[in-house]
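Visitor: mind folding the following:
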Amino acid sequence: MSRGDLTEAEWRVLKGLLPIEPANRGRGRPPEQNRSIINGILWRLRCGAPWRDVLLKHGSWNTIHRRFRRWSEAGVWETVAVTLAEIMADSGHYSIDSTTVRAHVSARAEKGDSSTRSWPLAGRVHQ
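Guide: All right, here's what the predicted structure looks like:
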C-alpha cells in the first residue's frame, strides 16, 4: 500500500457506496478491482496530473478515467460525499479548512486618524 491509498477501514465504507456492476459484462476491469481504480482516481485528483499519467499500478488510465466519468454522471460521488459527511458528523470528527494570507506591512492603509475612515469604503466618492 502506498501513501495516499485507501486503508482497509476506508475501503470497507467506500465499497458499499459504489454501484454494483455485473461481473459478466465481458469487457473492462472486473468490479473487484474497484479499490485499485479508486486509488488511481484519488492519486490523479491529489496530484492534478493528466489522466494519461496515472500510475500503471492502479490500472489502465483509460479504464480509470471511464469509471470516474461514469460514476460522476450517475451521481456516485455526491452520494459518497454525503455519506462520508454523515459518518464524520456521527463520530464527532470534523474537518475545518482555514486559509491565512499574510500581507506585508506596506500593504496596510495609509497613516492617519483611522477613526474618521469607514471600512469598507462603501459609498465613498473617490476623486
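
Visitor: quick one: mean pLDDT for the longest helix belonging to the chain?
Guide: Longest helix in the chain, counting residues (DSSP state H): helix 76-91. On average, the pLDDT along helix 76-91 is 86.

Visitor: for that helix, name the packing helices and strands.
Guide: helix 8-15 (3 or more C-beta pairs under 8 Å, 6 or more residues apart in numbering; DSSP states H and E). From N, CA and C alone the C-beta is placed, and that goes for glycine too.

Visitor: dump the longest helix of the chain to PDB, restricted to CA.
Guide: In PDB, the C-alpha atoms belonging to helix 76-91 read as follows (Å, rounded to 0.1, in the frame of the first residue of the first chain):
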ATOM      1  CA  VAL A  76     -22.000   8.300  -7.200                       C
ATOM      2  CA  TRP A  77     -19.600  11.000  -5.900                       C
ATOM      3  CA  GLU A  78     -22.400  13.100  -4.400                       C
ATOM      4  CA  THR A  79     -23.600  10.000  -2.600                       C
ATOM      5  CA  VAL A  80     -20.100   9.300  -1.300                       C
ATOM      6  CA  ALA A  81     -19.600  12.800  -0.100                       C
ATOM      7  CA  VAL A  82     -23.000  13.000   1.800                       C
ATOM      8  CA  THR A  83     -22.400   9.600   3.400                       C
ATOM      9  CA  LEU A  84     -18.900  10.400   4.500                       C
ATOM     10  CA  ALA A  85     -20.000  13.700   5.900                       C
ATOM     11  CA  GLU A  86     -22.800  11.900   7.900                       C
ATOM     12  CA  ILE A  87     -20.300   9.300   9.200                       C
ATOM     13  CA  MET A  88     -17.900  12.100  10.300                       C
ATOM     14  CA  ALA A  89     -20.700  14.000  12.000                       C
ATOM     15  CA  ASP A  90     -22.000  10.900  13.800                       C
ATOM     16  CA  SER A  91     -18.500  10.000  15.000                       C
END
